[in-house]
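Q: generate a structure from the sequence data that follows.
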Amino acid sequence: MALQHPADRGGGKRGPFERFAEAASLFTSSPFFYVLCLALVAGVVFTHLSSVALEWKVFAGECMTAVTLLLLALLKNSEQRAERAIQRKLDAIATALIESNVGDKEKAFEDLKSAIRMEEET
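A: Presented below is the predicted three-dimensional model:
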């Protein structure tokens, strides 16, 4: 199985995982999610300070670990998509500059125009 960059998977269209990752990224950057994380941390702290069974303390710690791992994977996916979008834009600008010096200004303009709108596709 060949691994591909997230921006290259599925050709020009976004697949279900890309749409999910984008929605999850928007959700995790919201104030509501921040409050939810504060409540989760407060719950873990309360669990460790109270006299509950060790199993509940371990369970609370494992929940925090799972959330952290999922958020790390989401962050990496988002980072790679943004990195690839920036690289595509830079490539389009460089190509447009070369083409504008050669004389094909219409194609250079279209390449730049599509590069500017590229963040909506990734």
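Q: quick one: buried residues of stretch 22-38?
A: Ala24, Thr28 (16 or more other C-beta atoms under 10 Å). For the C-beta atoms, the positions are set from N, CA and C on the backbone; glycine is no exception.
Q: for the longest helix seen in the chain, packing partners?
A: Determined from DSSP state H, the single longest helix within the chain is helix 54-102. Counting contacts by 3 or more C-beta pairs under 8 Å, 6 or more residues apart in numbering; DSSP states H and E, helix 54-102 packs against helix 16-28, helix 31-49, helix 105-116.
Q: give me the distance between the residue nearest the centre of the chain and Ser30.
A: In the chain, the centroid-proximal residue (C-alpha atoms, centre = their mean) is Ser78; its distance is 1.5 Å. Distance, Ser78 to Ser30, by C-beta to C-beta, to the nearest Å: 14 Å.
Q: which residues of this structure score low on pLDDT?
A: 1-13, 102-105, 108-109, 111-112, 115-122 (pLDDT under 70).
Q: could you rerun that using 50?
A: Along the chain, segments meeting pLDDT under 50 span 1.
Q: residue contacts, the residue lying farthest from the centre of the chain?
A: What lies farthest from the middle of the chain is Ser51; by C-alpha atoms, centre = their mean that is 39.2 Å. By C-beta atoms under 8 Å, 6 or more residues apart in numbering, the contact list for Ser51 is empty.
Q: check Val67 too.
A: Cys37, Leu40.
Q: do that again at 7 Å, thanks
A: Residues near Val67 by C-beta atoms under 7 Å, 6 or more residues apart in numbering: Leu40.
Q: gap between it and Val41?
A: Where Val41 is concerned, Val67 sits at a distance of 10 Å (C-beta to C-beta).
Q: now do Arg81
A: Taken as C-beta to C-beta, the span from Arg81 to Val41 is 28 Å.
Q: good, wrapping up.
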